[in-house]
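Asker: A structural model of the following input is requested.
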Amino acid sequence: MTDIYIEISKLSDDFKEMCYGLTQDKNEIDEAVQELMLYFLQMNPQTLKDIYEKDGTLGIIKYGAVALKRSLTSKRSNYYYKYKKYYTHLDRFRYYSSSTIDENNPNFYDNYNYNKDLSNLPEKKLDDYQWKKLEQIDKELDKMNWYDKKIFELYYYEGNTLDSLAKKTKISRNSLFTTIDKVRDILKKELNE
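Answerer: Got it, this is the predicted structure:
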């Protein structure tokens, strides 16, 4: 499988060229190709191997082209939810690198080329209330059995699904659900929610 992943990484420039037919924004293209590479890594290894063995790199290119088109055009793609949806709702003033903003000119916003870059994104800050809640949750978890605490942390803090957690821990999905549900009920009761 490592050989296949190496071949896929060599195709990133080809995938970037394909994107220029759908968008001209370099950041958008880089993000879409990055998301495609992540998609290949998370894809079922046997399916990826079958595609590669059947058609070689041409099969990977065709598969990647379809995935890229969906990413850049569909509002239901992972790419859209991770990047594009967020960028379209950002405040326009966040993009200005110049200290001179002519708000009186009505065409200024239309003619200005926005620099969409991750360095320009506003930082998300948690307020005190959220920090206090997180601290309370941690204190309550410390009072619990080590097993219950660890399962809850693996599920919520590390973002695992029940299925992925069951595979990692070799504990049945139903047992995991029961433990997580029990901990959640205790936390709700203790935190009065």
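
Asker: in which helix or strand would I find residue 46?
Answerer: Element membership of residue 46, judged by DSSP states H and E, is helix 45-73.

Asker: same thing with residue 6?
Answerer: Short version, using DSSP H and E: residue 6 is in helix 2-10.

Asker: neighbours around residue 71, how many?
Answerer: For residue 71, the number of neighbouring residues by other C-beta atoms under 10 Å comes to 24. Bear in mind the C-beta positions are built from the backbone N, C-alpha and C, glycine included.

Asker: so it touches residue 34, yeah?
Answerer: No. Using C-beta atoms under 8 Å, residue 71 is not in contact with residue 34, being 10.4 Å away.

Asker: could you chop the chain up by domain?
Answerer: 2-87, 128-190 (automatic domain parsing).

Asker: so which of these is the most surrounded?
Answerer: Mean neighbours per residue, mean count of other C-beta atoms under 10 Å, is largest over these for domain 2-87, with a mean of 15.

Asker: contacts only, for residue 153.
Answerer: residue 141 (C-beta atoms under 8 Å, 6 or more residues apart in numbering).

Asker: the nearest residue to residue 9 once chain neighbours are set aside: helix or strand, and which one exactly?
Answerer: Excluding its sequence neighbours, the residue lying closest to residue 9 (C-beta to C-beta, 6 or more residues apart in numbering) is residue 37, at 7.2 Å. Here residue 37, judged by DSSP H and E, is contained in helix 26-42.
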